[in-house]
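Trainee: next input, structure requested:
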Amino acid sequence: MTVASTPRTDTDDPSLVSGQFRFFDAEVLRTRRLGPTLTRITFGGPQLAGFASGGRDQSFSLLLPRPGQAAPLLPDRTGEGWYGAWRALPEDERPVVRSYTIRAQRRDPDELDVDFALHGTGPDAAPGAAGPASRWAADAAPGDRVTLLGPVVEDNRSVDFRPPADTDWVLLAADETALPALGGILEHLPADTAVRAWIEVPDPEDIQDLPHGPDSEITWLVREPGAAGSPLAEAVRAAALPAGTPYAWLAGESSAVRALRRHLVRELGVDRARVEFSGYWRRGASEEQLRAERLAAAAS
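Mentor: From the prediction side, this is the model:
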């Protein structure tokens, strides 16, 4: 299987972040509920003409205003100085920063669809169960202003799904937080690609009709209410997998993703270089904690 890709291209423009990314101001155009715990928000604005999504699992950083702010406050939006400027702001003024995946991009007009998992926002949710991004998404309305830190080149380092040319079939596994990325991957793959996918969601009504080819099998797993763990690893372990050389893409809650990766590498003998895995979230930890841990690890 061959998936077309162009060489990664960095630019020397000093106003960019890491050579490939820029800040884009945008606003909410419309919202649409996809299920009890999922909502799609469409962003637009003239600056998005320069946003160059690479598709697949293209991630970006979303900056949200604090309560009482009309738009995210960020004094320095150019180059590598933005993070220090963000950190220097008082916590109650500092924009909330979260990582999300582009579900779809359109031109004429320039629009981006982003799907949000609304953890802890239902009528029966405990007070304080929802994080600031989930609360914002649940209440988002046309005209709400945001800032995106996203790519200016399509083949950028925030796209992780890159199967080698000798891949015979693709294994995908995700929970609801990575469902938008998995949907983007399915749209990107050639129609004749052999795919086995497992997707975990919290409610049967969150199941979606995803694009797939004739040799694709998609298995939906509905998480039991109050379940402490994920059914992904058990479901994959029980499956009859195709012969040939696989490429695996795993994303979702970090402990579930690690367990599935261990099964593929240690029990099935899949080359670890052919397993792309990402912990989109971790049970009991906020994204601020995860970001702080990643920064500390990078500095050590």
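Trainee: got the contact list for Thr193?
Mentor: By C-beta atoms under 8 Å, 6 or more residues apart in numbering, the contact set of Thr193 is Met1, Trp169, Val170, Gly213, Asp215, Ser216. To be clear about C-beta, it is placed using only N, CA and C from the backbone, and glycine gets the same treatment.
Trainee: and these as CSV, adding neighbour count?
Mentor: Conversion of the contacts of Thr193 to CSV gives the following (neighbours: other C-beta atoms under 10 Å):
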residue, neighbour count
Met1, 18
Trp169, 20
Val170, 23
Gly213, 13
Asp215, 13
Ser216, 20
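Trainee: can you tell me which of those lies closest to Ser158?
Mentor: Val170 (19.9 Å; C-beta to C-beta).
Trainee: so that closest one is in which element?
Mentor: strand 169-175 (DSSP states H and E).
Trainee: next structured bit after that strand?
Mentor: helix 179-188.
Trainee: hmm, who's touching the helix or strand following that next one?
Mentor: Using DSSP H and E, the helix or strand that follows helix 179-188 towards the C-terminus is strand 195-201. Residues from elsewhere that reach strand 195-201 (C-beta under 8 Å, 6+ apart): 35, 37-38, 169-176, 179, 182, 186, 189, 207, 212-213, 215-223, 230-232, 235-236, 239, 241-242, 252, 256.
Trainee: pull up the pairing partners for strand 195-201, direction included.
Mentor: strand 169-175 (parallel), strand 216-222 (parallel) (DSSP bridges).
Trainee: tell me the contacts of the residue positioned nearest the centre of the chain?
Mentor: Closest residue to the average C-alpha location of the chain: Thr101 at 3.4 Å, with C-alpha atoms, centre = their mean. By C-beta under 8 Å, 6+ apart, the residues touching Thr101 are Asp57, Gln58, Ser59, Phe60, Val114, Asp115, Ala178, Pro180, Ala181, Gly184.
Trainee: no further queries at this time; thank you.
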